[in-house]
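[1] need a structure here:
(chains A and B)
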Amino acid sequence: GQQLNQSPQSMFIQEGEDVSMNCTSSSIFNTWLWYKQDPGEGPVLLIALYKAGELTSNGRLTAQFGITRKDSFLNISASIPSDVGIYFCAGPSSNTGKLIFGQGTTLQVKP
Amino acid sequence: ETGVTQSPTHLIKTRGQQVTLRCSSQSGHNTVSWYQQALGQGPQFIFQYYREEENGRGNFPPRFSGLQFPNYSSELNVNALELDDSALYLCASSYNYGYTFGSGTRLTVV
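    As a prediction, this is how the structure comes out:
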(Lines give C-alpha, C1' and ligand atoms only; values in the text may rest on other atoms or scores of the structure.)
Protein backbone atom coordinates (compact mmCIF):
# COMPACT_ATOMS: atom_id res chain seq x y z
CA GLY A 1 0.00 0.00 0.00
CA GLN A 2 0.92 3.65 -0.14
CA GLN A 3 3.38 4.85 2.46
CA LEU A 4 4.77 8.20 3.53
CA ASN A 5 8.36 8.33 4.75
CA GLN A 6 9.48 11.22 6.90
CA SER A 7 13.01 12.38 7.58
CA PRO A 8 14.68 13.01 9.83
CA GLN A 9 13.06 10.86 12.50
CA SER A 10 14.06 13.36 15.18
CA MET A 11 15.81 16.72 15.49
CA PHE A 12 17.35 18.55 18.42
CA ILE A 13 18.07 22.20 17.67
CA GLN A 14 18.89 25.48 19.34
CA GLU A 15 16.22 28.14 19.72
CA GLY A 16 16.39 30.60 16.82
CA GLU A 17 17.60 28.05 14.28
CA ASP A 18 15.73 27.19 11.11
CA VAL A 19 14.38 23.65 10.64
CA SER A 20 13.63 21.63 7.54
CA MET A 21 11.92 18.23 7.33
CA ASN A 22 10.82 16.09 4.40
CA CYS A 23 8.15 13.65 3.42
CA THR A 24 8.48 11.30 0.45
CA SER A 25 6.44 8.58 -1.19
CA SER A 26 6.92 6.10 -4.00
CA SER A 27 3.44 6.97 -5.25
CA ILE A 28 1.69 10.18 -6.19
CA PHE A 29 -0.38 12.20 -3.77
CA ASN A 30 -2.77 14.93 -4.92
CA THR A 31 -2.96 16.60 -1.53
CA TRP A 32 -0.29 17.03 1.12
CA LEU A 33 -1.11 17.96 4.70
CA TRP A 34 1.23 18.86 7.54
CA TYR A 35 0.12 18.32 11.13
CA LYS A 36 1.69 19.00 14.52
CA GLN A 37 0.94 16.87 17.57
CA ASP A 38 1.69 18.05 21.09
CA PRO A 39 1.97 15.52 23.94
CA GLY A 40 -1.44 14.25 25.03
CA GLU A 41 -3.22 15.97 22.16
CA GLY A 42 -4.52 15.08 18.72
CA PRO A 43 -2.82 16.31 15.53
CA VAL A 44 -3.54 19.90 14.50
CA LEU A 45 -3.45 20.92 10.85
CA LEU A 46 -0.68 23.41 10.06
CA ILE A 47 -0.66 23.67 6.28
CA ALA A 48 -2.60 22.08 3.40
CA LEU A 49 -1.19 21.85 -0.14
CA TYR A 50 -3.40 21.05 -3.11
CA LYS A 51 -1.34 21.77 -6.23
CA ALA A 52 2.03 20.51 -7.48
CA GLY A 53 4.68 23.18 -6.99
CA GLU A 54 2.54 25.09 -4.51
CA LEU A 55 4.44 26.97 -1.80
CA THR A 56 2.35 28.00 1.20
CA SER A 57 3.23 29.84 4.39
CA ASN A 58 1.59 29.99 7.79
CA GLY A 59 3.51 32.42 9.97
CA ARG A 60 7.02 31.03 10.46
CA LEU A 61 6.05 27.79 8.69
CA THR A 62 6.48 27.22 4.97
CA ALA A 63 5.60 24.06 3.08
CA GLN A 64 5.94 23.05 -0.56
CA PHE A 65 4.16 20.45 -2.69
CA GLY A 66 6.83 18.77 -4.81
CA ILE A 67 6.62 19.01 -8.60
CA THR A 68 6.66 15.20 -8.95
CA ARG A 69 3.76 15.00 -6.42
CA LYS A 70 5.81 12.41 -4.56
CA ASP A 71 7.32 14.67 -1.92
CA SER A 72 6.82 17.69 0.29
CA PHE A 73 8.88 19.64 2.74
CA LEU A 74 8.11 21.76 5.79
CA ASN A 75 10.39 24.56 6.98
CA ILE A 76 10.20 26.34 10.32
CA SER A 77 12.12 29.59 10.61
CA ALA A 78 13.53 31.07 13.82
CA SER A 79 12.39 28.17 16.01
CA ILE A 80 11.01 28.81 19.49
CA PRO A 81 10.46 26.42 22.42
CA SER A 82 6.73 26.02 21.66
CA ASP A 83 7.64 24.48 18.28
CA VAL A 84 8.48 21.31 20.22
CA GLY A 85 6.29 18.38 19.16
CA ILE A 86 5.85 15.72 16.52
CA TYR A 87 5.28 16.82 12.94
CA PHE A 88 3.39 14.52 10.61
CA CYS A 89 2.84 14.66 6.88
CA ALA A 90 -0.37 13.10 5.58
CA GLY A 91 -2.19 12.60 2.34
CA PRO A 92 -5.32 10.90 1.05
CA SER A 93 -4.85 7.36 -0.22
CA SER A 94 -5.47 7.00 -3.96
CA ASN A 95 -7.26 3.71 -3.23
CA THR A 96 -9.55 4.67 -0.37
CA GLY A 97 -9.32 8.46 -0.18
CA LYS A 98 -8.63 8.13 3.53
CA LEU A 99 -5.74 9.92 5.21
CA ILE A 100 -2.38 8.16 5.42
CA PHE A 101 0.18 9.51 7.89
CA GLY A 102 3.95 9.39 7.92
CA GLN A 103 5.73 8.13 11.01
CA GLY A 104 6.50 11.66 12.22
CA THR A 105 9.49 13.89 12.89
CA THR A 106 10.07 14.70 16.56
CA LEU A 107 11.39 18.22 17.12
CA GLN A 108 13.08 19.33 20.31
CA VAL A 109 14.18 22.95 20.79
CA LYS A 110 16.81 23.93 23.34
CA PRO A 111 16.24 27.41 24.82
CA GLU B 1 -17.86 26.44 16.97
CA THR B 2 -17.19 23.41 19.14
CA GLY B 3 -14.26 21.12 18.43
CA VAL B 4 -14.08 17.33 18.52
CA THR B 5 -14.58 15.86 21.97
CA GLN B 6 -13.55 12.34 22.94
CA SER B 7 -14.35 10.36 26.06
CA PRO B 8 -12.97 8.96 28.21
CA THR B 9 -9.49 10.48 28.10
CA HIS B 10 -7.82 7.46 29.67
CA LEU B 11 -8.95 3.88 30.12
CA ILE B 12 -7.43 0.68 31.49
CA LYS B 13 -8.95 -2.65 30.46
CA THR B 14 -8.07 -6.30 30.92
CA ARG B 15 -7.24 -8.56 28.00
CA GLY B 16 -10.40 -10.17 26.62
CA GLN B 17 -12.71 -7.37 27.74
CA GLN B 18 -14.72 -5.09 25.47
CA VAL B 19 -14.44 -1.30 25.27
CA THR B 20 -16.51 1.55 23.82
CA LEU B 21 -14.94 4.91 22.99
CA ARG B 22 -17.01 7.97 22.16
CA CYS B 23 -16.58 10.99 19.93
CA SER B 24 -18.62 14.15 19.40
CA SER B 25 -18.04 15.70 15.99
CA GLN B 26 -17.34 19.33 15.20
CA SER B 27 -20.46 21.23 14.25
CA GLY B 28 -21.21 20.95 10.52
CA HIS B 29 -18.99 17.91 9.97
CA ASN B 30 -20.88 14.87 8.63
CA THR B 31 -17.93 12.48 8.40
CA VAL B 32 -16.05 10.85 11.25
CA SER B 33 -12.87 8.79 11.08
CA TRP B 34 -11.15 6.74 13.74
CA TYR B 35 -7.40 6.25 13.97
CA GLN B 36 -5.14 4.11 16.17
CA GLN B 37 -1.80 5.62 17.14
CA ALA B 38 0.74 3.32 18.75
CA LEU B 39 3.56 4.88 20.71
CA GLY B 40 6.14 6.47 18.40
CA GLN B 41 4.06 5.89 15.28
CA GLY B 42 1.79 7.92 13.05
CA PRO B 43 -1.97 7.45 13.24
CA GLN B 44 -3.30 4.37 11.39
CA PHE B 45 -6.72 4.56 9.75
CA ILE B 46 -9.32 2.21 11.28
CA PHE B 47 -12.57 3.20 9.54
CA GLN B 48 -14.69 6.13 8.48
CA TYR B 49 -18.43 6.83 8.73
CA TYR B 50 -20.42 9.15 6.50
CA ARG B 51 -24.07 9.81 7.31
CA GLU B 52 -24.28 6.75 9.57
CA GLU B 53 -22.82 4.33 7.00
CA GLU B 54 -19.32 2.84 7.06
CA ASN B 55 -17.41 4.50 4.25
CA GLY B 56 -14.03 2.80 4.19
CA ARG B 57 -12.04 0.55 6.45
CA GLY B 58 -8.35 0.10 7.13
CA ASN B 59 -6.47 -3.11 7.89
CA PHE B 60 -8.16 -3.85 11.23
CA PRO B 61 -9.99 -7.06 12.24
CA PRO B 62 -13.80 -7.25 12.58
CA ARG B 63 -13.58 -7.01 16.37
CA PHE B 64 -13.07 -3.29 15.71
CA SER B 65 -16.52 -1.91 14.92
CA GLY B 66 -18.21 1.46 14.95
CA LEU B 67 -21.40 3.46 14.83
CA GLN B 68 -22.33 6.95 13.75
CA PHE B 69 -25.50 8.54 15.10
CA PRO B 70 -27.91 11.00 13.44
CA ASN B 71 -26.20 13.91 15.24
CA TYR B 72 -22.90 12.70 13.66
CA SER B 73 -21.41 11.62 16.98
CA SER B 74 -19.69 8.25 16.88
CA GLU B 75 -18.57 5.21 18.85
CA LEU B 76 -15.65 2.86 18.40
CA ASN B 77 -16.12 -0.61 19.89
CA VAL B 78 -13.35 -3.12 20.35
CA ASN B 79 -14.15 -6.68 21.42
CA ALA B 80 -11.82 -9.32 22.86
CA LEU B 81 -9.13 -6.80 23.71
CA GLU B 82 -5.52 -7.78 23.11
CA LEU B 83 -2.39 -6.32 24.65
CA ASP B 84 -1.42 -4.83 21.25
CA ASP B 85 -4.61 -2.80 21.26
CA SER B 86 -2.96 -0.48 23.78
CA ALA B 87 -2.70 2.84 21.94
CA LEU B 88 -4.05 6.36 21.58
CA TYR B 89 -7.36 6.26 19.69
CA LEU B 90 -8.09 9.42 17.75
CA CYS B 91 -11.37 10.56 16.30
CA ALA B 92 -11.45 13.09 13.48
CA SER B 93 -14.50 14.78 12.07
CA SER B 94 -14.33 16.27 8.64
CA TYR B 95 -15.99 18.04 5.80
CA ASN B 96 -14.01 17.29 2.62
CA TYR B 97 -10.36 17.27 3.76
CA GLY B 98 -10.82 19.64 6.68
CA TYR B 99 -10.02 17.03 9.34
CA THR B 100 -10.29 18.15 12.97
CA PHE B 101 -8.90 15.73 15.51
CA GLY B 102 -9.94 15.19 19.09
CA SER B 103 -7.37 14.82 21.88
CA GLY B 104 -7.78 11.07 21.86
CA THR B 105 -8.48 8.27 24.32
CA ARG B 106 -5.43 6.55 25.78
CA LEU B 107 -6.33 2.84 26.09
CA THR B 108 -4.11 0.54 28.09
CA VAL B 109 -4.78 -3.21 27.97
CA VAL B 110 -3.24 -5.24 30.78
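[2] Chain neighbours aside, what residue packs nearest to residue B:75?
    Leaving aside its chain neighbours, residue B:75 sits nearest to residue B:67 (4.7 Å; criterion: C-beta to C-beta, 6 or more residues apart in numbering or on different chains). Backbone N, C-alpha and C define where each C-beta goes, glycine included.
[3] okay but that neighbour is in contact with residue B:54, surely?
    No. In this structure, residue B:67 is not within contact of residue B:54 by C-beta atoms under 8 Å, at 9.4 Å.
[4] Contacts for stretch B:10-24, please.
    Contact partners of stretch B:10-24, identified using C-beta atoms under 8 Å, 6 or more residues apart in numbering or on different chains, comprise B:2, B:4-8, B:32, B:34, B:73-83, B:89, B:91, B:93, B:102, B:105-110.
[5] Name the residues of it that are buried.
    Within stretch B:10-24, the residues scored as buried using 16 or more other C-beta atoms under 10 Å in any protein chain shown are B:13, B:19, B:21, B:22, B:23, B:24.
[6] How far does that stretch stretch from one end to the other?
    In stretch B:10-24, first residue to last residue: 16 Å (C-alpha to C-alpha, to the nearest Å).
[7] next one: stretch B:68-76
    Across stretch B:68-76, the terminal residues are separated by 9 Å (C-alpha to C-alpha).
[8] low pLDDT regions in chain A?
    Along chain A, the model assigns pLDDT under 70 to no residue.
[9] Tell me the residues of it that contact chain B?
    Counting by C-beta under 8 Å from any C-beta of the partner chain, the residues of chain A close to chain B are A:4, A:31, A:33, A:40-45, A:48, A:88, A:90, A:92, A:96-104.
[10] Okay, and which of these map to helices?
    Among those, DSSP state H puts none in helices.
[11] in chain A, which strand has the most residues?
    With residue count as the measure and DSSP state E as the assignment, chain A has strand A:85-92 as its longest strand.
[12] what's that one packed up against?
    strand A:5-7, strand A:32-37, strand A:71-76, strand A:99-101, strand A:105-110 (3 or more C-beta pairs under 8 Å, 6 or more residues apart in numbering or on different chains; DSSP states H and E).
[13] In JSON lines: those, plus distance to residue B:49 and mean neighbour count.
    Formatted as JSON lines, those follow (distance: least, C-beta to C-beta, whole Å; neighbours: other C-beta atoms under 10 Å in any protein chain shown):
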{"stretch": "strand A:5-7", "distance to residue B:49": "28", "mean neighbour count": "16"}
{"stretch": "strand A:32-37", "distance to residue B:49": "20", "mean neighbour count": "24"}
{"stretch": "strand A:71-76", "distance to residue B:49": "28", "mean neighbour count": "21"}
{"stretch": "strand A:99-101", "distance to residue B:49": "14", "mean neighbour count": "24"}
{"stretch": "strand A:105-110", "distance to residue B:49": "30", "mean neighbour count": "17"}
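[14] now residue A:104: how far from residue B:37?
    Per C-beta to C-beta, to the nearest Å, residue A:104 is found 10 Å from residue B:37.
[15] So for the two, which residue has more residues nearby?
    residue A:104 (24 against 21; other C-beta atoms under 10 Å in any protein chain shown).
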